[in-house]
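Student: Sharing a model prediction with you, sequence too.
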Amino acid sequence: MPDELKAPRGADPQDQVAEAVAKATRDRAEAERARRIADEAREAAEKAEKAAIAAEVEARAARERAGKAPPPRPERRTDQISIRTRPSTRVKIESLAKAEGISLAELVERAIKAYAPSFDGEEDQ
């Protein structure tokens with residue numbers, strides 16, 4: 001039997017049990033508090049490591065981007081317009097585009113450039 005569980009001579013056994021329970025409870029509470037502190041420290045270390053990795057990745061990406069110019073923005077070709085024409089005019093336009101081997105949009109752009117040479121195709125925004 002451990003010495004701490006031995007009652008001094010003349011001590012009440014119930015007091016001895018109560019003291020042992022109180023000591024075990026204090027020890028358990030201290031152990032739980034130590035575990036909680038260790039868990040918090042581990043979580044803080046993991047967060048710090050993740051932040052360091054993220055900062056390193058961002059710094060590497062910034063170094064790689066530093067010497068490069070942004071790529072030129074491609075011309076938008078998604079705008080659509082509806083033009084009402086006579087059926088015979090539409091047939092002429094389609095046959096001209098087919099004869100030239102170009103799209104209808106390209107044919108219209110060429111016609112506009114021929115009609116207004118100063119037109120550069122860029123719109124004011």
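Tutor: Great, that's in hand.
Student: can we go C-alpha only for contacts and neighbour counts from here?
Tutor: Fine.
Student: domains of the chain?
Tutor: Residue ranges for each domain of the chain read 8-66, 82-125, as given by automatic domain parsing.
Student: could you dump the ones you listed to JSON lines with distance to Glu75, mean neighbour count and mean pLDDT?
Tutor: Below are those laid out as JSON lines (distance: least, C-alpha to C-alpha, whole Å; neighbours: other C-alpha atoms under 10 Å; pLDDT from 0 to 100):
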{"stretch": "domain 8-66", "distance to Glu75": "23", "mean neighbour count": "12", "mean pLDDT": "84"}
{"stretch": "domain 82-125", "distance to Glu75": "9", "mean neighbour count": "11", "mean pLDDT": "83"}
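Student: And the one helix or strand Glu40 maps to, how far out from the chain middle?
Tutor: If you go by DSSP states H and E, Glu40 is part of helix 13-66. Mean-position distance between helix 13-66 and its chain equals 28 Å (C-alpha atoms, centre = their mean, to the nearest Å).
Student: hmm, back to that, so which of the domains of the chain is nearest Pro74?
Tutor: With C-alpha to C-alpha, the closest approach to Pro74 among the domains of the chain belongs to domain 82-125: 12.4 Å.
Student: ok now that closest one, how far from the chain's centre?
Tutor: 43 Å.
Student: if I look at the residue nearest the centre of the chain, how far off is Pro13?
Tutor: When the chain is reduced to its mean C-alpha position, the closest residue under C-alpha atoms, centre = their mean turns out to be Ala54, at 11.2 Å. Here the distance between Ala54 and Pro13 works out to 61 Å (C-alpha to C-alpha, to the nearest Å).
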